[in-house]
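A.B. asks: Need coordinates for the below:
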Amino acid sequence: MTIRTLDLFCGGGGSSWGAQAAGATVVAGVDAAGLAALTYGDNFPDARAVHAMLQPGSGPRAVRGIGTVDLLLASPECTNHTCARGARERDEESRNTSLYVLDFVRRLQPRWVVIENVVSLRRWHRYGELLAALRQRYHVREQVLDAADFGVPQSRRRLFLACDRDRLPPDLSGRVHAPLRTARDILDPPGTWAAKPLFLPNRAPGTIARARRGIAALGDGVPFLIVYYGTDGAGGWQPLDRPLRTITTLDRFGLLEWTESGPTLRMLQVPELRRAMGFDESFRLSHGTRRDRIRLLGNGVCPPVMRALVTSLVAGANNAECAHPSRRPAPASNVVCGTSEPAAAGGWRA
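C.D. replies: Modelled structure (predicted):
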């Protein structure tokens, strides 16, 4: 079975990486960030990586000539839904990107649709409108999935709207699908990365306080992680024998290790964070600064979760269920720069 897949708001390609592992054929990804499009092009050389800003009603014009699509993936902007934004004013235009998916659905009519976002999307005042529009054409399963239940060494809860035109998608929530992996599993061997002594004159007092709380709980000689940019009941640190806390777009995890001279501290590095997202070593992050790459990972989807979800969607389907009468091949070029166009008459408008 050939499952032609389009990924909207694709980032570096976490959803596509998972869908491809489930047997899907990725034909294109679209993202407004140039760095994301470049990274996507590196990792999916046979697909089109489209650098374009989607707008209300722009729809499939952003990927002209894509042909038919069986599976539509989308991870609309989440920043203005997440509770991490605190009391700051929300950008409604950013929130409305979730609705932009509907024009692709109406025009392309894929067999399956998966929309991923933060759990707090459900509190958005237009969330019911999004669900109602999807339910006009699909059986929709709302489920909150934790990446740690799928063998990802990170606790990362996200909302997935799984849509199937012919049947209600299976419920994957609340079950363990793979053995638990922990923060210890992502670490490079000691000495791979430079570390500095913990107790330095210019070290931030808050960092020292977090470290002292961890040392008091675990004792000398036991490594652990310091957690920046967020508070929890653990006092700003976590042990290595549980999954990493949720990766964000910020550089927020420091590893405290011990030497003969005492404790040292270093930040987790990009290869370690890549493992924490559930990517294998073949996933390329070749563009941008270290900060850029961390932001790209923090905005991403954990591939093992999408792999399990896509596998569950297509289980039992056959070629007749998802085949279209004709297929047009995607152009040979890979990374494409484009701009969205005005909505055609009758197109979805947010």
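A.B. asks: Going by residue numbers, what spans are helices in the stretch 151-300 of the chain?
C.D. replies: 205-218, 270-276, 290-298 (DSSP state H, counting those that start in this stretch).
A.B. asks: Pick the most deeply packed of those.
C.D. replies: helix 270-276 (a mean of 21; mean count of other CB atoms under 10 Å). Backbone N, C-alpha and C define where each C-beta goes, glycine included.
A.B. asks: about what we covered before: got JSON lines for the helices of the stretch 151-300 of the chain, with distance to L71 and mean pLDDT too?
C.D. replies: Shown next, in JSON lines, are the helices of the stretch 151-300 of the chain (distance: least, CB to CB, whole Å; pLDDT from 0 to 100):
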{"stretch": "helix 205-218", "distance to L71": "43", "mean pLDDT": "95"}
{"stretch": "helix 270-276", "distance to L71": "24", "mean pLDDT": "98"}
{"stretch": "helix 290-298", "distance to L71": "23", "mean pLDDT": "97"}
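A.B. asks: Of all those helices, which one comes closest to P189?
C.D. replies: Across the helices of the stretch 151-300 of the chain, P189 has its closest neighbour in helix 270-276 (11.1 Å, CB to CB).
A.B. asks: From the contact counts, what lies against the closest one?
C.D. replies: Identification of packing neighbours for helix 270-276 by 3 or more CB pairs under 8 Å, 6 or more residues apart in numbering; DSSP states H and E yields helix 290-298.
A.B. asks: Residues in contact with the helix it packs on: which ones?
C.D. replies: By CB atoms under 8 Å, 6 or more residues apart in numbering, the list of residues contacting helix 290-298 from outside reads 11-12, 35-36, 39, 247-251, 269-270, 273-274, 277, 285, 287-288.
A.B. asks: hey, which helix or strand in this structure has the poorest pLDDT?
C.D. replies: Counting by mean pLDDT, DSSP states H and E, the chain has its least confident helix or strand at helix 319-322, which shows a mean of 46.
A.B. asks: what lines up beside the helix or strand just after that one in the sheet?
C.D. replies: Going down the chain from helix 319-322, the next helix or strand is strand 335-337, by DSSP states H and E. Its sheet considered, strand 335-337 pairs with strand 48-51 (parallel) by DSSP bridges.
A.B. asks: Tell me which helix or strand comes right after the partner strand.
C.D. replies: Taking DSSP H and E as the definition, the helix or strand right after strand 48-51 is strand 71-74.
A.B. asks: Return the distance of that next one from the chain's centre.
C.D. replies: Centroid displacement of strand 71-74 relative to its chain, using CA atoms, centre = their mean, to the nearest Å, is 13 Å.
A.B. asks: Help me confirm that G236 comes into contact with R210.
C.D. replies: Yes: with contact defined as CB atoms under 8 Å, G236 reaches R210; the gap is 3.8 Å.
A.B. asks: Which neighbours do the two have in common?
C.D. replies: 226-227.
A.B. asks: Tell me which stretches of the chain form strands.
C.D. replies: Using DSSP state E, the strands of the chain run over 4-8, 25-31, 48-51, 71-74, 112-117, 139-146, 157-164, 196-197, 224-227, 237-238, 253-259, 262-267, 335-337.
A.B. asks: pLDDT weak spots in the protein?
C.D. replies: Applying pLDDT under 70 to the chain picks out residues 78-92, 94, 230-233, 316, 318-334, 338-350.
A.B. asks: Show the contacting residues for the most centrally placed residue in the chain.
C.D. replies: The residue lying closest to the centre of the chain (CA atoms, centre = their mean) is V301, at 1.8 Å. Residues near V301 by CB under 8 Å, 6+ apart: 11, 14-15, 18, 75, 116, 158.
A.B. asks: Tell me how many other residues surround L250.
C.D. replies: For L250, the neighbour count with other CB atoms under 10 Å is 14.
A.B. asks: Show the contacting residues for it.
C.D. replies: 228-229, 294, 298.
A.B. asks: Okay, it and M267: tell me how far apart.
C.D. replies: Distance of L250 to M267, given as CB to CB, to the nearest Å: 11 Å.
A.B. asks: Likewise for G219?
C.D. replies: With CB to CB as the criterion, G219 and M267 are 23 Å apart.
A.B. asks: of the two, who's got more company?
C.D. replies: Comparing G219 with M267 by other CB under 10 Å, the one with more neighbours is M267, at 17 against 8.
A.B. asks: Name whatever forms a beta bridge with the more buried one.
C.D. replies: Assessed by DSSP bridges, M267 has beta-bridge partners G254.
A.B. asks: in terms of contact, does it touch L273 like I think?
C.D. replies: No: the criterion here is CB under 8 Å, and M267 misses it with L273 at 9.7 Å.
A.B. asks: tell me, what's touching these two both at once?
C.D. replies: F253.
A.B. asks: Contacts only, for P169.
C.D. replies: 139-141, 162-163, 312-313.
A.B. asks: Now with 10 Å, please.
C.D. replies: P169 sits next to 112, 114, 138-143, 160-163, 309, 312-313, 315 when contact means CB atoms under 10 Å, 6 or more residues apart in numbering.
A.B. asks: isn't E129 right up against L99?
C.D. replies: Yes: with contact defined as CB atoms under 10 Å, E129 counts as touching L99 (7.4 Å).
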